[in-house]
Each structure stands twice: as structure tokens, then as C-alpha cells.
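>>> one predicted model, sequence on top.
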Amino acid sequence: QVQVVESGGGLVQPGGSLRLSCVASGRIFSIYSIHWYRQTPGNQRELVAASTTGASTNFYDDSVKGRFTISRDNAKNAAYLQMNSLEHGDTAIYYCNAFIMTDPGGPNRSYWGQGTQVTVSS
């Protein structure tokens, strides 16, 4: 069994910063990729940032380039999303999605966290 848990959301003023954490636990052999999505009411989840093992660069949506940074700590099965210069439009529930191999040679399966609310407001 694998669990993915996000934390670090909260209320922040425009221009402020937050650091989201995503920690995977349970039966984990390796983590292939970590994706951060966000969702606002009535809208689909949108991919914000992603980190893939072996990739030379990380992915960022144009709306967050230069403001958000994704990073990973493989020893802790963790990933982070550093969000700077936050704007009202960044308000959303942020979800972590990890592709995890639970057994050597097995498939990478998708696991989602429960989400963490980020609210940017003065």
C-alpha cells in the first residue's frame, strides 16, 4: 500500500511565498515522477510542475515559470513545490501525483494525495 500526503498549504498575501511538501510512504521501490496539479471550483485539474527521473529539465506551466520551483529528495521519498511571488490566480487546491514502482521491474502506478488548499488574498 502506498500513501501520498501533501502539506504546506495556507493563506498568504499576494507577493508572498509558500512551500508545499509531498511525501510518499509505504511499499516503494522507486519513484519515477512527481507532478503537482492544481484545481479551482468548476475547473479541471491543471498540471503546474513535474519532475521526472532522468529528465534534464523539469516541466513548468507558463503561468508559474520563474516563480515556482519543483524539487525532490529521493532519500525521503519527498518532493517540494516552492512558490514565490504568489498571485490571486494561484489560489487553488494543489495535488501531488506520483508514479511509483512498488516492486523491482514492475509498472509505475499513479498515486494521488488528498490535496492542500492554497489561498492568496490580502
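Thanks, I have it.

>>> next, count neighbours for the residue nearest to Q1 when sequence neighbours are not counted.
Leaving aside its sequence neighbours, Q1 sits nearest to G26 (CB to CB, 6 or more residues apart in numbering; 4.9 Å). In short, each C-beta sits where N, CA and C put it, glycine included. G26: 12 surrounding residues under other CB atoms under 10 Å.

>>> nearest the middle, which residue of the chain would you pick?
W36 (2.9 Å; CA atoms, centre = their mean).

>>> against D103, how distant is that one?
Per CB to CB, to the nearest Å, W36 is found 26 Å from D103.

>>> any chance you could list what contacts stretch 98-105?
2, 4, 22, 24, 26-35, 79, 107-111 (CB atoms under 8 Å, 6 or more residues apart in numbering).

>>> please redo it, this time with the cut-off set to 7 Å
2, 4, 24, 27-34, 108-111 (CB atoms under 7 Å, 6 or more residues apart in numbering).

>>> cool, stretch 8-22 as well?
Against stretch 8-22 from outside (CB under 7 Å, 6+ apart): 4, 6-7, 34, 78-88, 94, 96, 113, 116-122.
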